[in-house]
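Visitor: I'd like to go over a predicted model; first the sequence, then the structure.
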Amino acid sequence: LVRDGGCRWRDIAVAVRGFEDYRPSLEAAFAYYGVPLFTAKKSDLPSKPLPALIASAYEIINGGWEPDDVFAYLRTGLAGLTAEECDILENYCLTWRVKAGMWLSKKSWRLHPDGYGVDADAGSKARLRQINALRRTAAEPLIRLLERSAAAESASAHAAALADFFEGLNLSEKLAERAETLEADGRLQAAAEYAQLWDIVVSALEQLAAILGDARMDTAMFSRLFLLTLSQYDVGVIPVSLDMVTAGDMDRMRRRHIRHLIVLGASDERLPGEMGENGVFSQDERRALSQLGLALDAGEAEIWREFSLIYNCLSLPSETLTLVTPAYSADGSPARPAFVMNRASKLFGVPIRPADPKAARTQARSPALELALLSRALPEYPPAAAAAEYFRVREPERLQAVLQAVSLSRGSLSSESVKALYGDRLRLSPSRADKFSSCRFAYFLQYGLGAKPRKPAEFSSPEFGSFIHDVLEGVAAEALARGGFGMISGEALDALTDRHISRYISEALDDFADKSPRFVYLFNRLSGSVRRIVADMAEDLRDSAFQPLDFELDFSRLGDLASSPLPEGGSLTVTGIADRIDGWVKDGRLYLRVIDYKTGKRSFSLSDVWHGMNLQMLLYLFMLQKIGEKRYGFETVPAGVLYVPARDFILSENTDMTDERIAERRAANLRRSGLLLDDPDVIRAMEPGDAPRRIPVKWKDGIPSGEALASAEGLGRLSRHIGETLAALAREIGRGNIAANPYYKNSQDNACLYCEYAAACRFADGEGGDRLRYLKKLEPTEVWALLEGDCPNG
């Protein structure tokens with residue numbers, strides 16, 4: 001009509017019986033096709049931002065600063081914070097379960113924004129300062145309202161407190177600015193609503209203060225009465241543009257000068273509308289009584305009123321009338337056309353014909369793009385082919401993006417995106433390498449986009465591990481400064497451990513501020529476990545010729561020593577932190593051993609290393625082999641790697657276990673796993689005696705044996721394999737590979753089992769480019785055979 005008939009949008013009206021059933025679909029369809037639409041309605045005032053802010057503010061001060069109430073208040077957009085600032089503050093509150101006491105406290109929040117087990121650096125301190133500033137912006141107006149409302153005893157005093165709250169937030173200016181912004185964005189109807197909000201709220205407040213005056217009441221009563229007063233108001237708007245299609249219920253169609261009328265829902269169940277059943281008797285009962293001679297109104301008047309309504313509405317247009325009936329009714333059964341359709345068809349000789357939904361897609365850009373996608377499934381359908389050709393010539397990027405989305409392919413990153421996300425100097429820590437080997441898409445989400453799940457801070461296994469690392473590092477470094485663990489008695493060691501535990505509580509836990517008694521009790525139990533773990537480490541180092549050289553060695557601080565060029569350009573920098581580096585000097589050569597404390601149940605697996613996972617300790621070991629002489633002043637030799645259990649164990653035994661038996665069981669559970677150099681002198685330097693209790697080696701006829709042993713040649717092959725693996729990973733990252741290809745060993749060991757990105761990934765094996773990557777568990781002998789095959793010349 002508008003394109004070919006020369007009419008304006010305002011010349012068209014849409015009518016339907018029971019308009020509210022159609023409103024959401026109609027508004028969405030008109031927006032999709034780019035047609036301006038006005039639907040006469042009155043907005044529900046309590047759902048608007050200003051009343052919502054007031055309601056949330058009273059919920060906060062009356063109820064106890066519940067997180068839902070606080071952020072409902074902040075996200076109205078009128079409380080002084082942007083949406084991004086609300087996110088920052090909400091993340092902190094979610095992480096630390098912020099309650100009323102923390103909001104009302106005059107002390108600054110001190111807990112780390114990322115939760116437990118994270119060291120504070122300049123960046124985290126800056127974020128914490130920002131969070132405290134946001135907290136003050138959010139809380140100070142509410143605290144002032146709380147204090148003034150608590151002191152108020154009358155309705156007029158409460159009204160003055162609320163008016164002061166409005167003034168503190170500059171609400172009148174903010175609402176005016178919001179209305180101007182909406183008007184500039186073309187959202188004229190929303191702008192008109194905002195323009196009315198301030199006057200309505202102020203009028204309601206003045207009305208309540210004038211009526212109630214000095215009536216005594218508390219804050220809860222005043223807030224209920226004020227919100228009840230607001231609920232009686234509506235926000236009505238007139239058409240905000242002169243050129244819009246008008247839509248509404250048939251009984252509200254009063255306009256003249258309608259050139260074209262479209263009547264939707266012209267089915268038997270809507271036209272005529274349902275007759276009301278007033279009085280005691282139903283329509284059937286009324287007719288039955290009438291047949292018995294008792295004349296009652298059978299509702300004919302109401303029927304004729306409905307027919308009159310239909311006539312008045314259908315006679316409004318001056319040029320065209322379009323009647324549309326649905327194919328199916330609300331319950332899914334086939335719908336029957338209304339009687340007016342059949343009558344109009346006979347009267348004017350116009351047949352009833354089905355609509356062509358595909359043809360409608362050619363009338364606007366958005367549906368035309370949808371039509372273009374049909375060209376893949378229906379290449380012989382001319383409109384689809386024409387739409388596809390249009391977008392292929394005019395907007396090829398848009399068409400390609402939609403086609404890729406339809407194909408369910410995740411695609412790959414462009415070289416520009418790779419540089420923007422990862423930089424020219426690729427930083428690859430063992431944890432990053434593990435993540436990429438585990439699943440390319442998870443790596444992209446975590447290290448490319450920086451996405452991370454929002455979850456409360458809990459002192460779970462990872463945080464317990466950080467706690468243990470912190471205490472072990474502090475105790476071992478101080479023991480080394482005193483001449484080694486051999487110079488420290490058991491009592492002195494316990495005192496030293498307790499001092500470092502207290503330091504951790506002060507620095508990381510803010511001296512248990514706002515922590516529950518249960519948390520304090522459980523932490524004290526964990527502290528007992530830490531004392532036993534420290535004692536095991538001390539005993540190990542007293543017996544061993546290997547002694548600590550470095551604690552928490554940060555490879556990122558080694559600069560160019562930890563970097564190497566890549567064949568495709570750029571460089572690869574190995575980052576990460578090694579828990580402990582031990583060394584032993586023999587014949588002028590320094591034998592190095594990497595120690596990693598594990599609070600979980602992970603054990604060393606040569607099969608994982610072959611598949612490019614769990615490279616951490618070996619990667620550190622071979623990096624130190626290259627740079628060790630510059631760092632330590634000796635020619636270095638790799639002596640091996642060990643996972644050291646850093647957790648206490650619950651023993652399932654009879655209650656009459658002896659202390660010796662308990663000690664034996666604990667010692668067995670603290671046995672290490674790893675890979676060691678097959679050299680008798682090295683093995684004895686690690687643990688003297690013919691029956692090692694800690695290292696995973698056995699002695700047989702004076703010769704060490706076991707799957708945890710590797711020759712110097714084998715370690716060399718393994719070093720080359722890890723180097724090639726890292727180079728291959730770097731190439732894949734550089735090519736922008738973000739495929740969802742999670743590894744799968746079994747139902748209890750796969751990348752998707754505990755993946756934090758499952759909701760964002762929506763992995764579906766076999767759809768698009770999503771594929772599981774099945775990994776076979778290899779025995780150590782198979783891995784060594786594969787390595788020899790890769791490196792037949794050693």
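Guide: Right, received. Where do you want to start?

Visitor: Helices of the stretch 251-400 of the chain, start to end?
Guide: 283-291, 300-314, 339-348, 357-360, 365-377, 382-394, 396-406 (DSSP state H, counting those that start in this stretch).

Visitor: cool, the stretch 551-700 of the chain as well?
Guide: 606-610, 616-632, 659-669, 680-686.

Visitor: quick one: contacts for Ile488?
Guide: 479, 482, 496, 538 (CB atoms under 8 Å, 6 or more residues apart in numbering). Heads up, the C-betas are built off the backbone N, CA and C, glycines and all.

Visitor: In those residues, find the pair that's most separated.
Guide: In the contacts of Ile488, the most distant members under the criterion CB to CB are Arg482 and Ala538, with 11.8 Å between them.

Visitor: more crowded one of the two?
Guide: Applying other CB atoms under 10 Å to Arg482 and Ala538 shows that Ala538 carries more neighbours, namely 21 against 12.

Visitor: so which strand or helix has the more buried one?
Guide: Taking DSSP states H and E as the criterion, Ala538 maps to helix 517-543.

Visitor: coming back round to it: Gly77 is nearest to which of the helices of the stretch 551-700 of the chain?
Guide: That would be helix 616-632 among these, by CB to CB, at 46.1 Å.

Visitor: which helices and strands does that closest one pack with?
Guide: Here helix 616-632 touches helix 430-438, strand 577-586, strand 589-598, strand 635-645, helix 712-734, going by 3 or more CB pairs under 8 Å, 6 or more residues apart in numbering; DSSP states H and E.

Visitor: Buried residues, it. List them.
Guide: Residues of helix 616-632 classed as buried: 616-625, 628, 631-632 (neighbour count, 16 or more other CB atoms under 10 Å).

Visitor: for Trp103, what are its contacts?
Guide: Counted by CB under 8 Å, 6+ apart, Trp103 has contacts 65, 70, 135, 139.

Visitor: which residues does the nearest residue to Glu269 once chain neighbours are set aside contact?
Guide: Leaving aside its chain neighbours, Glu269 sits nearest to Ser329 (5.9 Å; criterion: CB to CB, 6 or more residues apart in numbering). Ser329 makes contact with 267, 269, 335, according to CB under 8 Å, 6+ apart.

Visitor: between those, which is closest to Ala712?
Guide: Taking CB to CB as the measure, Ala712 lies nearest Ala335 of the contacts of Ser329, at 83.5 Å.

Visitor: So that closest one sits against Arg270, correct?
Guide: No - applying CB atoms under 8 Å, one finds Ala335 not in contact with Arg270, separated by 9.1 Å.

Visitor: the more surrounded of the two?
Guide: Arg270 (22 against 19).

Visitor: So the more buried one sits against Val340, correct?
Guide: No - counting by CB under 8 Å, Arg270 does not reach Val340; the two are 10.7 Å apart.

Visitor: in stretch 185-195, what counts as buried?
Guide: Per 16+ other CB under 10 Å, stretch 185-195 contains these buried residues: 188-195.

Visitor: coming back round to it: Pro688 is nearest to which of the helices and strands packed on helix 616-632?
Guide: Among the helices and strands packed on helix 616-632, strand 577-586 sits nearest to Pro688 (CB to CB), with 12.3 Å.

Visitor: any idea how this structure splits into domains?
Guide: 2-36+241-348, 44-236, 357-406, 478-543 (automatic domain parsing).

Visitor: any idea which of the ones you listed scores lowest on pLDDT?
Guide: Ranked by mean pLDDT, the domains of the chain bottom out at domain 357-406, with a mean of 75.

Visitor: okay if I get the helices and strands packed on helix 616-632 as JSON lines plus distance to Val324?
Guide: Below are the helices and strands packed on helix 616-632 laid out as JSON lines (distance: least, CB to CB, whole Å):
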{"stretch": "helix 430-438", "distance to Val324": "54"}
{"stretch": "strand 577-586", "distance to Val324": "69"}
{"stretch": "strand 589-598", "distance to Val324": "69"}
{"stretch": "strand 635-645", "distance to Val324": "72"}
{"stretch": "helix 712-734", "distance to Val324": "55"}
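
Visitor: who wins for proximity to Gly766 among those?
Guide: So among the helices and strands packed on helix 616-632, helix 430-438 is nearest, using CB to CB, at 19.4 Å.

Visitor: From the rest of the structure, what touches that closest one?
Guide: Residues contacting helix 430-438 (CB under 8 Å, 6+ apart): 442-443, 446-447, 575-576, 611-616, 619-620, 725-726, 729, 732-733, 742-743, 751.

Visitor: Same check on stretch 143-154?
Guide: With CB under 8 Å, 6+ apart, stretch 143-154 has contacts from 57, 61, 104, 157-158, 160-162, 164-165, 168, 212-217, 219, 222.

Visitor: The same query, at a cut-off of 7 Å, please.
Guide: Outside stretch 143-154, the residues within contact range by CB atoms under 7 Å, 6 or more residues apart in numbering are 57, 61, 104, 158, 161, 164-165, 168, 214-216, 219.
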